[in-house]
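**Student:** Sequence and predicted structure below; questions after.
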Amino acid sequence: MTEYRLATPLREGDVRGLKVGDVVYVSGVIYTARDMAHKRLVELAERGQRPPVEMDGSVIYHAGPVVRKLNGEWEVVSAGPTTSSRMNKVTPLLLKYYPVRMIVGKGGMSQEVAEALKERGAVYCHYTGGAAVLAAKRIKRVAKVEWLDLGIPEALWVLEVEDFGPLIVTMDSHGNSLYEKLELEIKSRVEMLLRR
Amino acid sequence: MKTSVIEEVAFQLIKKASVTLPKDVRLAIQKAYEEETSTLGRTQLKAILDNIVVAEQMDRPVCQDTGIVSFFIKGRSLDYKALEEALRRATARATKEVPLRPNAVHPLTRKNSEDNTGAHIPGITYIYEDVDHTDLVVVLKGAGSENMSALYMISPGEGVDGVKRVVLETVVRAGGQPCPPIVVNVGLGGTVDLTLKLAKMALIRPLGLRHPEEGVAKLEEELLELINSTGIGPMGLGGRITALDVKVEYAHCHTASLPVGVNIQCWADRRATARIYPDGSWELLS
């Protein structure tokens, strides 16, 4: 378990060195994206159009923040991660079309996503679900917001962050997944429990 | 009773529930932190405990998923129409002033109402109690845990073992997705609508309080032990403490049925209760 401090845009070399169990802090710019923003990003790529943000080396944060407007500026009040598994189906396409280098969420993602991360050279990091005010404290500014027509939770928020973390690498870029390993252990344990 | 009082109390309850966890929940998470043995699991519980403190200090929602708002009202017959309007106004006001995240969308168009109200939302459950006062409970429930809920219609012949199997199956399938340590609220028996309603009735019972019937209390304890033997752990990263508690409520059911409703609650078990007296005065109960 090693601790890393990385700055965006992330390079493939930055993330290829990360292993399951490593701890990462990210500084720079991250984008929130949930179900609807993922759908739109993929649709744009399939139509040959460009999204309104730079995707090369990007960090995608599965989150829908609580925000308020103070003196005309957006402020993030509370912003923990959302359940990543909802994006399982669309994520291999996202990673196929865009050079995203890191996905941050909670609850883990599928083996198909693990394969896509390996192919692209990207990692999945866990952030404590519900630790929303701790997360918001690391968000320094809302740089901009795109796609507000999707509603506040589903919009694409461009956030300036400082030492955003601790993020735990739970799926690395070599096909390793903490979730896959645990799932097998839990399954055999539960079979035993139910036989008792 | 004046609806302006209901509206104000409901607003204050939503604000309190979104920012501060009830004492029973805070104590249960602290105990989980002390009992957890996995290093990774402990880091998660520590972050949760720190977040609870910081949220209260900064007066901010403890989790960004401020959920769907549900009210439970216990008392005598009330003017339902006026009450519903007051609770809708309180919800809309809280969305703006706390603030809450606007979560309520049309199920098909996904258009956001932007104030957390909509068709049948906030949810309102009336419970008749022959008392002079009225108790108002608010529950803010996020989607991460609600999405992991399940309804089973098992064969009566499967009995208690069958109940344990499906509860465990639901918890294992959910894994780290509903933000464990979770609270598992189970409805047993009834008809399908009632089964899930019973699970929600279990949700408003404080943690650590066992069902008054011995056999049901025993089932609660056995289920908790089973769930905490799976190794799912805090946030599904492995560890001992997967659940803070299990609560079961039951109704009689058809002789040919054994419905089991499993409603999962994340660690941010947000609820607040107030008692309103006939003269319009009120006090916060939890």
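**Tutor:** Happy to help now that I have it.

**Student:** Endpoints of stretch A:171-184, how far apart?
**Tutor:** Across its full length, stretch A:171-184 reaches 16 Å between end residues, using C-alpha to C-alpha, to the nearest Å.

**Student:** Let's see the pLDDT reported for the nearest residue to A:Asn88 once chain neighbours are set aside.
**Tutor:** Leaving aside its chain neighbours, A:Asn88 sits nearest to A:Ser110 (4.4 Å; criterion: C-beta to C-beta, 6 or more residues apart in numbering or on different chains). The C-beta positions use only the backbone N, C-alpha and C, and glycine is treated the same way. Listed pLDDT for A:Ser110 reads 97.

**Student:** isn't A:Ser110 right up against A:Ser85?
**Tutor:** Yes. Between A:Ser110 and A:Ser85 there is a contact at 7.2 Å, judged by C-beta atoms under 8 Å.

**Student:** number of nearby residues for the residue nearest to A:Asn88?
**Tutor:** The number of residues packed near A:Ser110 is 19, by other C-beta atoms under 10 Å in any protein chain shown.

**Student:** Give the buried residues for the longest helix anywhere in chain A.
**Tutor:** Criterion DSSP state H: the longest helix present in chain A is helix A:178-195. The neighbour-count check on helix A:178-195 (16 or more other C-beta atoms under 10 Å in any protein chain shown) flags A:178-179, A:182-183, A:186, A:190, A:193 as buried.

**Student:** Output the host helix or strand of A:Leu6 as CSV, restricted to C-alpha atoms.
**Tutor:** In this assignment (DSSP states H and E), A:Leu6 forms part of strand A:3-7. Output of strand A:3-7 as CSV, limited to C-alpha atoms (Å, rounded to 0.1, in the frame of the first residue of the first chain):
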residue,chain,number,x,y,z
GLU,A,3,0.3,6.8,-1.0
TYR,A,4,0.3,8.9,-4.2
ARG,A,5,-0.4,12.6,-4.9
LEU,A,6,-1.5,13.1,-8.4
ALA,A,7,-2.4,16.2,-10.5
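
**Student:** Mind giving me the packing neighbours of it?
**Tutor:** With contacts taken as 3 or more C-beta pairs under 8 Å, 6 or more residues apart in numbering or on different chains; DSSP states H and E, strand A:3-7 sits against strand A:23-32.

**Student:** How about the strand it packs on and chain B, touching?
**Tutor:** No. Strand A:23-32 lies out of reach of chain B by C-beta under 8 Å from any C-beta of the partner chain, never closer than 9.0 Å.

**Student:** Would you mind listing the outside residues contacting that strand?
**Tutor:** A:1-10, A:18, A:53, A:58-65, A:79, A:102, A:104, A:125, A:143, A:155-169 (C-beta atoms under 8 Å, 6 or more residues apart in numbering or on different chains).

**Student:** What are the contacting residues of the next helix or strand after it?
**Tutor:** Per DSSP H and E, the first helix or strand lying C-terminal to strand A:23-32 is helix A:35-46. Outside helix A:35-46, the residues that touch it by C-beta under 8 Å, 6+ apart are A:33, A:50-51, A:55, A:86-87, A:90-91, A:93-94, A:97-98, A:147, A:150-151, A:154-156, B:110.

**Student:** Among those residues, which are located in helices?
**Tutor:** Members of the contacts of helix A:35-46 lying in helices (criterion: DSSP H): A:91, A:93-94, A:97.

**Student:** So which of those residues wins on neighbours?
**Tutor:** A:Thr91 (27 neighbours).

**Student:** Now do the contacts for that one.
**Tutor:** A:38, A:103, A:109, A:112-113, A:116.

**Student:** Show only the entries of these found in strands.
**Tutor:** Counting by DSSP state E, those place A:Ile103 in strands.

**Student:** Reformat the contacts of A:Thr91 into JSON lines and put neighbour count next to each item.
**Tutor:** Output for those, formatted as JSON lines (neighbours: other C-beta atoms under 10 Å in any protein chain shown):
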{"residue": "A:His38", "neighbour count": "21"}
{"residue": "A:Ile103", "neighbour count": "24"}
{"residue": "A:Met109", "neighbour count": "24"}
{"residue": "A:Glu112", "neighbour count": "12"}
{"residue": "A:Val113", "neighbour count": "26"}
{"residue": "A:Ala116", "neighbour count": "19"}
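
**Student:** how many neighbours does the closest residue to B:Leu284 other than its chain neighbours have?
**Tutor:** Using C-beta to C-beta, 6+ apart and skipping residues adjacent in sequence, the residue nearest B:Leu284 is B:Ala274, 5.3 Å away. When neighbours are counted by other C-beta under 10 Å, B:Ala274 registers 21.
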